[in-house]
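**Q** Below are the sequence and a predicted model for it; my questions follow.
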Amino acid sequence: MIRTTHMRRFRMLTRIFIEAGLGLLHSRWLNFVIISILVSALIIFGLMLTISVSFKNIANSLGSKTEFSVHIKDTSNMDSIIQRINSIKEIRQIRVSSKEQNWKRLLKHLDMQIDDSFNKLPNTLVINIDNSNNIMPVINKIKQIVGEDLEEIEHLPEIVRKLQSVKNILIFFGILISMLLGIATFVINFNTIELVIRSRKQELDLLNFMGVTEWYIKGPFIVQGLFYGICSSAVSCALLSMVYQLIRNNKDAANILSFLMPKSSIFWQIICLLFLTGVVFSCFSSYWVTERKIRLNS
Amino acid sequence: MIELYRLNKKYNENEFVLKDLNLHIPIGQMVFLIGESGAGKSTLMKILYKAENFTSGRVLIGRVDISRLQDSSQLRRRMGLIFQDVPLLPYLNVFDNIAYILRASGASEREIKYRVEGSLNVVGLSHKANDMPNHLSGGEKQRIGIARSIVTNPPILLADEPTGNLDPVNSLRIFQLFKEINQKLGMTMVIATHDPRVHQLKKRIIQLTNGQISMDTEPSNLSTFGSNYSPN
């Protein structure tokens, strides 16, 4: 008896997948439209996640630095300034990099030969402090001490702040585009499944009057949504993984984009999250349309 | 068994569609529900298969209070429903139309073959198993509808104006078929109809007038009822 019940359930489950397949056949080219839009949304969403994680890591590593540079006008008396700055108790070490040293370093970096008379670089004090949290108070003190001799203070929290604002803009637009594409997918998925529901109204009424269970009636549409979700997630994850591997295997590209490339383990976590997002999103939209459009018990 | 106790149904505060209905239909009984349009026949049928809720009273089907059922599918699995229009799926042949519901309920192909052939035999259309619905006459379609509703062997059969679209000859044949099914399979049947000739079948007839039972004639009294009965 129990075995029969299990076999019946198994056959019903099989029928649900068959009905879902028929629904997909009925939707024809709309399947491709839904999957394409969902793939685009997921790729953009995945890129945003990747960039967000990478920027966060950069910000964390830069934010924890305890070193910054103070550029002093080349007409100023360096010894006197160093003496005054040394009085700040949070400072651990001060290293001097003269304008000549800076110039040589720049030329070496650029691999160029330029006459020293063109050197307009300032002298630099590379200052190391005890704790990254004290950077801003120390900078303020240095600004007061150095006064008009100060040309610029280059500190990482500032760079981090700029990076953060760039990241925020990117993420804002990324999320906006992802949301718009998500809504578009939702609407198209909704309409496609609604069309299938309408075309099968007679069958659904029949099943309803014959007392077939709700999950059997609604199941095929949710399976259809699951199919869209799995297909689009698989395609978008595969595309992102391919790009990631291509960049990693190409040294030049890897160097240029190194700041945007998360670690392999983190990247795979992002891929898993992306896959789940696509599947859950698509299933949910299908579930929602069945709840809205299939009226049972009437 | 179908039991109604002080059943009321109203759409507006003072407008009763069904008023104070008390009814007892024993297992295996065949009942015709007659009455003018708007008398409440269809509403009562809808209440019985839980497509509509009632305002007050109790409805017991197989000793189960249907108002306590959250899901109508539990109830409908124990019923065969037949309507005026027979919704046959146009892209399936007769056999597959009848088998459709069995497939949905997970029956094996062997069971499907056995049951479908059995129900086609009951309605006398075994030879039409491979025909498409558009090749069937109105009467044949209704017979296929009946075959489909009995294929799951439900204890109760509800038919709402099953002969509404049929000519008098076919209507009488359908009623005869219901009577045969009732005798062969012992199903409890409630058939709502306008057709005045149902008295010829010598079965219980309940007349509804303005939502109330105006006449309930048991089979034993039918000879008297038959001679006096005049529709509308």
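**A** Everything's here; your move. Numbers count the residues shown, from 1 in each chain, chains lettered A, B, ... in the order given.
**Q** Could you use CA atoms for every contact and neighbour count after this?
**A** OK.
**Q** residues contacting A:I171?
**A** Neighbour list for A:I171: A:48, A:52 [criterion: Cα atoms under 8 Å, 6 or more residues apart in numbering or on different chains].
**Q** Which is the succeeding secondary structure element to the helix or strand that contains it?
**A** Element membership for A:I171 (DSSP states H and E) is helix A:156-199. The first helix or strand that comes after helix A:156-199 along the chain, using DSSP H and E, is helix A:201-209.
**Q** does chain B sit close to that next one?
**A** Yes: Helix A:201-209 reaches chain B (Cα under 8 Å from any Cα of the partner chain) through A:202-203, A:206-209.
**Q** moving C-terminal of that helix, what's the next helix or strand?
**A** helix A:214-249.
**Q** tell me what that next one is packed against?
**A** helix A:2-27, helix A:29-63, helix A:201-209, helix A:251-256, helix A:264-293 (3 or more Cα pairs under 8 Å, 6 or more residues apart in numbering or on different chains; DSSP states H and E).
**Q** before we move on, back to that, roughly how far is the helix holding A:I171 from the heart of the chain?
**A** 11 Å (Cα atoms, centre = their mean, to the nearest Å).
**Q** Could you tell me the average pLDDT over it, please?
**A** The average pLDDT within helix A:156-199 is 76.
**Q** Any buried residues in the lengthiest helix in chain B, and which?
**A** Criterion DSSP state H: the longest helix present in chain B is helix B:168-185. Buried residues in helix B:168-185, counted by 16 or more other Cα atoms under 10 Å in any protein chain shown: B:170-172, B:174-175, B:177-179, B:181-182.
**Q** Quick one: neighbours of the nearest residue to B:A104 once chain neighbours are set aside, just the number.
**A** Distance criterion Cα to Cα, 6 or more residues apart in numbering or on different chains; nearest residue to B:A104, sequence neighbours excluded, is A:M12 at 6.1 Å. For A:M12, the count of nearby residues is 19 (other Cα atoms under 10 Å in any protein chain shown).
**Q** my guess is A:M12 meets B:G106, correct?
**A** Yes: between A:M12 and B:G106 a contact is recorded at 4.7 Å, counting by Cα atoms under 8 Å.
**Q** Between the two, which contacts overlap?
**A** Counting by Cα under 8 Å, 6+ apart, nothing touches both A:M12 and B:G106.
**Q** for the residue of chain A found nearest chain B, phi and psi?
**A** As assessed by Cα to the nearest Cα, chain B sits closest to A:G211 within chain A, at 3.8 Å. Here is the backbone geometry of A:G211 (degrees, to the nearest 10): phi 80, psi 30.
**Q** so it makes contact with B:S73?
**A** Yes: with contacts counted by Cα under 8 Å, A:G211 reaches B:S73, the gap being 3.8 Å.
**Q** near chain B, which residues of chain A show up?
**A** Counting by Cα under 8 Å from any Cα, chain A sits next to chain B at A:7-12, A:15, A:202-203, A:206-214, A:216, A:297-298.
**Q** which intervals of the chain have sub-threshold pLDDT?
**A** As the question left the chain open, I've gone with chain A. In the predicted model of chain A, residues A:1-4, A:56, A:59-65, A:132, A:156-161, A:163-164, A:259, A:297-298 satisfy pLDDT under 70.
**Q** My question was about chain B, not that one.
**A** Those would be B:219-232, if you go by pLDDT under 70 across chain B.
**Q** mind listing the strands for it?
**A** All strands of chain B, identified by DSSP state E, fall at B:2-10, B:16-25, B:30-35, B:56-61, B:64-65, B:79-82, B:156-160, B:188-193, B:204-209, B:212-217.
**Q** which outside residues touch the longest helix of chain B?
**A** With Cα under 8 Å, 6+ apart as the criterion, helix B:168-185 contacts B:28-30, B:122-123, B:139, B:142-143, B:163, B:187-189, B:197-198, B:201.
**Q** Which one of these is nearest to chain A?
**A** B:Q142 (14.6 Å).
**Q** what separates the closest one from B:T163, distance-wise?
**A** 8 Å (Cα to Cα, to the nearest Å).
**Q** same check, this time on B:I47
**A** From B:I47 to B:T163 the distance is 21 Å (Cα to Cα).
**Q** Those two: which is more packed in?
**A** Neighbour count, other Cα under 10 Å: between B:I47 and B:T163, B:T163 has more, with 26 against 18.
**Q** of all of chain B, which residue lies closest to chain A?
**A** Closest point on chain B to chain A, by Cα to the nearest Cα, is B:S73, at 3.8 Å.
**Q** contacting residues around that residue?
**A** Here B:S73 is in contact with A:208-214, A:297 (criterion: Cα under 8 Å, 6+ apart).
**Q** same deal with B:V17?
**A** Per Cα under 8 Å, 6+ apart, neighbours of B:V17: B:8-11, B:39-40, B:43, B:210-211.
**Q** let's go with 7 Å and repeat that
**A** Taking Cα atoms under 7 Å, 6 or more residues apart in numbering or on different chains, we find B:V17 in contact with B:9-10, B:40, B:210-211.
**Q** possible to save those as TSV with neighbour count and distance to A:I129?
**A** Shown next, in TSV, are the contacts of B:V17 (neighbours: other Cα atoms under 10 Å in any protein chain shown; distance: Cα to Cα, whole Å):
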residue	neighbour count	distance to A:I129
B:K9	24	85
B:K10	15	84
B:G40	25	91
B:N210	17	95
B:G211	23	93
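**Q** Could you dump the residues you listed into JSON lines and include distance to chain A?
**A** JSON lines is the format used below for these (distance: Cα to the nearest Cα, whole Å):
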{"residue": "B:K9", "distance to chain A": "16"}
{"residue": "B:K10", "distance to chain A": "17"}
{"residue": "B:G40", "distance to chain A": "17"}
{"residue": "B:N210", "distance to chain A": "24"}
{"residue": "B:G211", "distance to chain A": "21"}
